[in-house]
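K.L.:
Provide a 3D model corresponding to the input given below.
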Amino acid sequence: MNQAAMANRQVVWLKAEAPSKPPPGLPCNGCGVCCAAAPCPLSRLLLGHRSGSCPALEWQAPRYRCGLLRTPRRHLRRLSGWTESWFRRLTRRYLAIGRGCDSLATTEEDR
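P.N.:
Predicted coordinates for the structure are as follows:
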């Protein structure tokens with residue numbers, strides 16, 4: 001591997017039980033690769049997180065889940081109970097949940 005390729009590599013650690021990353025366009029399977037590599041725009045906006053793994057990435061065996069979608073009040077303390085279902089609907093739409101994997105990351109297993 002050349003030096004330019006090495007400079008662009010990023011190592012993220014995920015649970016061995018997590019499913020393998022699907023090819024782009026196939027349904028999300030909860031592999032966690034995209035969220036472990038970088039926070040999504042929603043996490044950047046609401047949680048102020050700019051790099052590294054998303055702080056809202058949650059493990060719920062046998063897959064990773066978006067905490068902003070699954071447990072929004074854990075991450076957004078000011079979110080009132082009556083707005084939680086509304087927030088979940090907007091989050092699902094904003095993140096295009098169910099539309100397919102949009103991560104272009106390549107993966108390899110730890111040896």
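K.L.:
every contact and neighbour count from this point should use C-alpha atoms.
P.N.:
OK.
K.L.:
what about the strands in the protein?
P.N.:
Here the chain has its strands, by DSSP state E, at 57-60, 63-66.
K.L.:
for stretch 36-44, which positions count as buried?
P.N.:
36, 37, 38, 39, 40, 43 (16 or more other C-alpha atoms under 10 Å).
K.L.:
thinking again about what came up before, figure out which of the strands of the chain is closest to residue 16.
P.N.:
Proximity to residue 16, assessed across the strands of the chain by C-alpha to C-alpha, is greatest for strand 63-66 (10.2 Å).
K.L.:
for residue 31, give me its contacts.
P.N.:
Residue 31 sits next to 18, 19, 20, 21, 22, 63, 64 when contact means C-alpha atoms under 8 Å, 6 or more residues apart in numbering.
K.L.:
just want the most central residue of the protein.
P.N.:
residue 35 (2.6 Å; C-alpha atoms, centre = their mean).
K.L.:
count the residues that sit near the residue nearest to that one when sequence neighbours are not counted.
P.N.:
Closest residue to residue 35 apart from its sequence neighbours, by C-alpha to C-alpha, 6 or more residues apart in numbering: residue 54 at 5.5 Å. Counted by other C-alpha atoms under 10 Å, the residues lying close to residue 54 total 22.
K.L.:
before we move on, what about residue 13?
P.N.:
12.
K.L.:
look up how far residue 33 lies from it.
P.N.:
As judged by C-alpha to C-alpha, to the nearest Å, residue 13 and residue 33 stand 9 Å apart.
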